[in-house]
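Enquirer: Generate a structure from the sequence data that follows.
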Amino acid sequence: MESIGKRKFRHSEIYGLLFIVPLGVLLHYLYDFTEKSVIGILFGCVNGSIWEHGKVFALTFCVWSIIELACSLPYFRQFIVAKVFALYWQFILMILLMIGYRTLTGNEITVAVVMIISFLATAVAQLLSYRLTVWEKDIRCLFALALGFLFLFFIVFFCFSVVPPHIGIFRDPLTQIYGIIPKNIDVGAYFMNNTEV
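Expert: I've put the predicted structure just below:
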């Protein structure tokens, strides 16, 4: 029979979907809402690239994980290892699904598509983190490694918004610019200038 703690944790993972996806959509627009401030750069989408879409949902996944951790979870180290593993899977799955969508349809990714993909990727990540956390196998020995990967996550995510590598997943589909799009750019003129007719 399932324990009360496992049932409560499973419910919190389900509630996480209702938190992560809507908050991710709000963070998607944070850069514009804050008039391109540093907060918007770090926590919002600075362009329409696949990387930036994935970034905001990965960050909201981390926020929900912190909320879950603050609500007295009994297995701390197992939880951290599971959440870090699930965080990477969520982000990788989002990137793969967005690349797949763009490749198969030939269309650019809209906010509605991002919401559907983020919901699917987050559902998989939440299920994975639940299974790993309540798993009978002890994965606490990976705690130090998980902390290292979590630290790497934050370094990469914050750095790549400002100074991204020149790889397709970092390029804005409209302007073809990598990273932060300048404030005073005429996006329409830039698009027309860089599009073959």
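
Enquirer: pLDDT averaged over stretch 119-129 - what is it?
Expert: Mean pLDDT, computed over stretch 119-129, is 92.

Enquirer: Can you give the distance from it to the centre of its chain?
Expert: In terms of CA atoms, centre = their mean, to the nearest Å, the centre of stretch 119-129 is found 11 Å from the chain centre.

Enquirer: SS state for the residue nearest the centre of the chain?
Expert: Nearest residue to the geometric centre of the chain (CA atoms, centre = their mean): residue 58, 2.2 Å. Secondary structure for residue 58, judged by DSSP: H, G, I helix; E, B strand; the rest coil, is helix.

Enquirer: Check residue 164 too.
Expert: coil.

Enquirer: what stretches of the chain score poorly on pLDDT?
Expert: Across the chain, the ranges flagged by pLDDT under 70 are 1-2, 4-5, 72-74, 182-197.

Enquirer: rerun that using 80 as the cut-off
Expert: 1-9, 36, 72-75, 158, 161, 174-197 (pLDDT under 80).

Enquirer: Show me the helices in it, by range?
Expert: 4-28, 30-33, 38-43, 50-70, 76-105, 111-133, 143-162, 187-193 (DSSP state H).

Enquirer: any residues touching stretch 16-31, and which ones?
Expert: Stretch 16-31 is contacted from outside by 39-41, 43-46, 53, 56-57, 59-61, 63-64, 67-68, 111, 114-115, 118-119, 122-123, 126, using CB atoms under 8 Å, 6 or more residues apart in numbering. Using the backbone N, CA and C atoms, a C-beta is placed for each residue, glycine as well.

Enquirer: Turn the buried ones among those into a named PyMOL selection, would you?
Expert: One line in PyMOL is enough to select the buried members of those, burial here meaning 16 or more other CB atoms under 10 Å:
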select buried, resi 40+41+43+44+45+46+53+56+57+59+60+61+63+64+68+114+115+118+122+123+126
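
Enquirer: Just want the phi and psi numbers for the residue lying closest to residue 181 once chain neighbours are set aside.
Expert: Excluding its sequence neighbours, the residue lying closest to residue 181 (CB to CB, 6 or more residues apart in numbering) is residue 47, at 5.3 Å. Phi and psi for residue 47, reported as degrees, to the nearest 10, are phi -160, psi -180.

Enquirer: if I look at residue 71, how far off is residue 133?
Expert: 13 Å (CB to CB, to the nearest Å).

Enquirer: Looking at the two, which one has more neighbours?
Expert: Set residue 71 next to residue 133 and count neighbours by other CB atoms under 10 Å: residue 133 wins out with 23 against 10.

Enquirer: could you list every residue that touches the residue lying closest to that one once chain neighbours are set aside?
Expert: Excluding the flanking residues, the one nearest residue 133 by CB to CB, 6+ apart is residue 82, at 4.3 Å. By CB under 8 Å, 6+ apart, the residues touching residue 82 are 128-133, 135, 139.

Enquirer: can you list these in JSON lines and add distance to residue 175?
Expert: Shown next, in JSON lines, are the contacts of residue 82 (distance: CB to CB, whole Å):
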{"residue": "128", "distance to residue 175": "35"}
{"residue": "129", "distance to residue 175": "36"}
{"residue": "130", "distance to residue 175": "40"}
{"residue": "131", "distance to residue 175": "41"}
{"residue": "132", "distance to residue 175": "40"}
{"residue": "133", "distance to residue 175": "42"}
{"residue": "135", "distance to residue 175": "45"}
{"residue": "139", "distance to residue 175": "43"}
